[in-house]
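>>> Next comes the sequence, and after it the predicted model I'd like to discuss.
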Amino acid sequence: MGGGLDVESISEATSGALGSLVSTTVFYPLDTCKTKFQAEVRSHGQAKYRNLSDVLWEAVSTGQVLSLYQGLGTKNLQSFISQFIYFYGYSFVKRLYLKKSGAKSIGTKANLVLAAAAGACTAVIIQPLDTASSRMQTSAFGESRGLWETLSQRSWKEAFDGLGISLLLTSNPAIQYTVFDQLKQRVLMGANSGSGGSSETLSAFSAFVLGAVSKSVATVLTYPAIRCKVMIQAADCEEESKTGQPKAPKTMLGALHAIWGKEGIPGFFKGLHAQILKTVLSSALLLMIKEKISKFTWVALLALQRYLLVSSRRIKGE
């Protein structure tokens, strides 16, 4: 490929980021309900939200339905940047690994390591946006503030609350995309052997199903850490100070201790069904969109690269 532009990696990143933008917007109200439900830690019998529908009913009964979208702009910015960086890094290091090793495909262990490395870089860069998004979603309905105001409420050090868990949770997308890639290879191999063709893309339905399966596996394995992260990043609600409840813990050990003391073992999986529903649907939609537009994006970027190359030659010729 001429020049220094890595068209394939940029194509992967762009299609992944666009897919993330759509899926985040579509399922955002569910994400807000899920996040507020996860953030609450109460003793048995004192929970404000008994289930996910209680969060939705609160928004409806108080006339704050539109507040289910509070923080959407920040979440979309976070999703687009994180997915672009992640998919670019993942695609780039994967292709570099294949080139250096001379292997035809990447094994499961190598795939996990490469995906985790890409995820770690992404987590550090977008952590302030992640923290701000969680604070906006867990603020009382109708009281969420803008991105800059949310971040400036506390020190910039606190903007990186939960970074340690975010780095730990790089195993989540690493597991997800490794499972997805492995399943994708098997599905395409079976389809090509049966038809005698050489297709390299999944159908929309297959991509959706594989995306759902891979995200379910990753979510179940990492859920206790996911809930701890939400608790650490949660806004300090006025209701908590009024009822005498302690503010959200700021360390993973503090979050684990709070869950264990207030809710016991079931607390580590409180909201798991909501997490799976939201993340599986959004991730499956993301991967489905990515699979469908990646080839178009690659062709468009390749055409742009050639156009810029021709234009550059014409200018030099003049």
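Great, that's in hand.
>>> Could you use CA atoms for every contact and neighbour count after this?
Noted.
>>> which residues are contacting stretch 73-86?
Taking contacts as C-alpha atoms under 8 Å, 6 or more residues apart in numbering, the residues outside stretch 73-86 that touch it are 13-14, 16-18, 20-21, 24-25, 118-119, 121-123, 126, 129-130, 132-133, 147.
>>> Only whichever of these are buried, select them in ChimeraX.
Selection command for ChimeraX covering only the buried members of those, criterion 16 or more other C-alpha atoms under 10 Å:
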select :13,14,16,17,18,20,21,24,25,118,119,121,122,123,126,129,130,132,133,147
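>>> So for stretch 94-111, first residue to last residue, what's the gap.
8 Å (C-alpha to C-alpha, to the nearest Å).
>>> ok, and for it, which residues are buried?
For stretch 94-111, by 16+ other C-alpha under 10 Å, it's K94, R95, Y97, I106, N111.
>>> pLDDT (mean, whole number) over that stretch?
The pLDDT scores in stretch 94-111 average 77.
>>> Likewise for stretch 190-203?
Rounded mean pLDDT across stretch 190-203 is 67.
>>> What is the end-to-end distance of it?
Per C-alpha to C-alpha, stretch 190-203 runs 13 Å from first to last residue.
>>> go on, stretch 38-55?
Termini of stretch 38-55 sit 11 Å apart (C-alpha to C-alpha).
>>> what pLDDT, on average, does that stretch get?
So the average pLDDT for stretch 38-55 ends up being 73.
>>> ok, now stretch 151-158?
74.
>>> contacts for that stretch?
P128, A132, A159.
>>> Which of those sits closest to A140?
When the contacts of stretch 151-158 are compared for distance to A140 (C-alpha to C-alpha), A132 wins out at 14.3 Å.
>>> Break down the stretch 151-300 of the chain into its strands, ranges please.
Taking DSSP state E, counting those that start in this stretch, the stretch 151-300 of the chain contains no strands at all.
>>> Can you pick out the most distant pair from the buried residues of stretch 94-111?
Largest separation among the buried residues of stretch 94-111 by C-alpha to C-alpha: R95 and N111, giving 11.2 Å.
>>> nearest to S67, of the contacts of stretch 151-158?
Nearest to S67 among these: A132, at 15.6 Å, using C-alpha to C-alpha.
>>> My read is that that closest one contacts T150, right?
Yes - counting by C-alpha atoms under 8 Å, A132 touches T150, with 6.1 Å between them.
>>> dump the residue contacts of L30.
Counting by C-alpha under 8 Å, 6+ apart, L30 makes contact with K278.
>>> What helix or strand is it located in?
helix 28-39 (DSSP states H and E).
>>> Lowest average confidence across helices and strands, show me which element that is in the protein.
Least confident helix or strand, the chain: helix 238-243 with a mean of 44, by mean pLDDT, DSSP states H and E.
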